[in-house]
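**Q** Below are the sequence and a predicted model for it; my questions follow.
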Amino acid sequence: MRLPLSTLEVFNAIVREGSMRAAANALGIKRSTVSHQLKALEDQLGTALFIRTTRTINLTEAGRALARSSGPAFEQLTDGLASARTAGHAERGNLKLALPELAYHLLLRQHLSTFQERYPEIEIELSLTDALSDILQEGLHAGFRLGGLVSEDMVAISLTGALNTAVVATPGYLKQYGRPVQPTDLLAHNCLRYRYPSSNQLAPWTFNGPSGVYPVQTSGSIITNSMPVTVEMATQGLGITYVFHACCAEALKTGQLEEVLSEHRVTMPSINIYFPRAYRDYVPLRLFIEHLKQGKEN
């Protein structure tokens, strides 16, 4: 049997207000409509719910049983509707994001603490993955990816400029094994490589040349699935590595690492955040994006 929600709403209004006239006023409908809806509910249930006299209206046993069960349920529905109206429209709630480790280190790591200070009632849940997440299927609000197209029902916003690659090693390593002059010189070096966790593919080492971008098939003794770990290993002098310039900017600034082959750098797309169009007005997400943009400008 389908739940007679409209007639149950009328029934509970009569119980709450104490008369059909008062119920009609509370619901903003005609008294005759209240009477008609009540009769429809009683006919569907096959029993009387009220004992009516010219001066009073009282619940029958069946009516009391229905009021005990349906009253709290309607209160919960009312609360649920109120929550739905306010969810995502205030500086509180949860924000579930999927992002590769690269995006965390380049974008989020330095801005999460200030975001929490400003919006302490927004709970952030991060799923670190380099896979192209189906954010709708996984119940997420947004995802991050390096460039790439998104489906028509998604919105994509760039949060960085184009990213440059870099080949780096410690001064000590370069002194011992020599500085590569051409990308093909890397074939004689111990190259610290990165493997994508989701696809299990090794990240290609690509370079700009007179005829365009081309790959060099490097080899080495260590492979990781974490770019920050790869950079750390390079700072230990374990080999030479190919990363995004932004990932090793601090180590280059302090002199822990040196860049080589800079004239052969490849420019990669920016990091984008993407989300369903329905979340354009979701306040926690909007505030988070604005915060990241402000951080980029400062």
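**A** Yep, that arrived.

**Q** measure the closest residue to V15 other than its chain neighbours to F74 for me?
**A** Excluding the flanking residues, the one nearest V15 by C-beta to C-beta, 6 or more residues apart in numbering is A67, at 4.9 Å. Where C-beta positions appear, they are placed from N, C-alpha and C, glycine not excepted. Using C-beta to C-beta, to the nearest Å, one gets 10 Å for the distance from A67 to F74.

**Q** and the end-to-end length of stretch 176-191?
**A** For stretch 176-191, the first-to-last residue distance is 15 Å (C-alpha to C-alpha, to the nearest Å).

**Q** let me fix that: stretch 180-199
**A** From its first residue to its last, stretch 180-199 covers 30 Å (C-alpha to C-alpha).

**Q** before we move on, what about stretch 201-212?
**A** 23 Å.

**Q** Quick one: mean pLDDT for that stretch?
**A** Averaging pLDDT along stretch 201-212 gives 94.

**Q** What ranges does the stretch 1-150 of the chain have for its strands?
**A** With DSSP state E, counting those that start in this stretch as the criterion, the stretch 1-150 of the chain has strands at 50-52, 57-59, 93-99, 122-128, 142-146.

**Q** What helices and strands are in contact with the last one?
**A** On a contact count with 3 or more C-beta pairs under 8 Å, 6 or more residues apart in numbering; DSSP states H and E, strand 142-146 meets strand 93-99, helix 101-103, strand 271-276.

**Q** Give me the common contacts of A67 and F74.
**A** Shared contacts of A67 and F74, defined by C-beta atoms under 8 Å, 6 or more residues apart in numbering, comprise N12.

**Q** Report the beta-bridge partners for L128.
**A** With DSSP bridges as the criterion, L128 is bridged to L99.

**Q** The chain should start at 22 in everything you say after this.
**A** Shifting the count to begin at 22 puts that one at L149.

**Q** For G164, see how far away it is.
**A** 11 Å.

**Q** try L127
**A** Distance of L127 to G164, given as C-beta to C-beta: 15 Å.

**Q** Check L123 too.
**A** Distance of L123 to G164, given as C-beta to C-beta: 13 Å.

**Q** So between these two, which is more surrounded?
**A** G164 (26 against 22; other C-beta atoms under 10 Å).

**Q** my guess is that one contacts L116, does it?
**A** No: G164 is beyond contact range of L116, at 12.0 Å (criterion: C-beta atoms under 8 Å).

**Q** number of nearby residues for the closest residue to Y263 other than its chain neighbours?
**A** Excluding the flanking residues, the one nearest Y263 by C-beta to C-beta, 6+ apart is W226, at 4.6 Å. Using other C-beta under 10 Å, W226 has 20 other residues around it.

**Q** got it, and F32?
**A** Look at F32: counted by other C-beta under 10 Å, it has 27 neighbours.

**Q** Could I get the contacting residues of it?
**A** Listed by C-beta under 8 Å, 6+ apart, the contact partners of F32 are Q58, L59, L62, L70, G84, L87, A88, S91.

**Q** Redo those as CSV? Include distance to R76.
**A** Formatted as CSV, these follow (distance: C-beta to C-beta, whole Å):
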residue, distance to R76
Q58, 22
L59, 18
L62, 23
L70, 18
G84, 18
L87, 23
A88, 21
S91, 26
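
**Q** got the buried residues for stretch 82-97?
**A** For stretch 82-97, burial by neighbour count (16 or more other C-beta atoms under 10 Å) applies to G84, L87, A88, S91, F95.

**Q** which residue packs closest to the last one, ignoring adjacent ones?
**A** Once its chain neighbours are removed from consideration, F95 has its nearest residue in N33; the separation is 5.1 Å (C-beta to C-beta, 6+ apart).

**Q** picking up where we left off before, quick check: which of the strands of the stretch 22-171 of the chain is nearest to S283?
**A** Closest approach to S283 among the strands of the stretch 22-171 of the chain (C-beta to C-beta): strand 163-167, 20.8 Å.

**Q** got the angle between the closest one and strand 292-297?
**A** Angle between the axes of strand 163-167 and strand 292-297 is 150 degrees (criterion: axes from the mean of the first three to the mean of the last three C-alpha atoms, to 10 degrees).

**Q** Sort out which residues of the helix or strand that strand 163-167 is followed by are buried, please.
**A** Downstream of strand 163-167, the next assigned helix or strand under DSSP states H and E is strand 175-179. For strand 175-179, burial by neighbour count (16+ other C-beta under 10 Å) applies to M175, A177.

**Q** end to end, how far does stretch 291-310 reach?
**A** By C-alpha to C-alpha, the extent of stretch 291-310 from end to end equals 15 Å.

**Q** Burial check on G260, number of neighbours?
**A** 21.

**Q** Backbone dihedrals for it, both of them.
**A** Main-chain dihedrals, G260, degrees, to the nearest 10: phi 170, psi -170.
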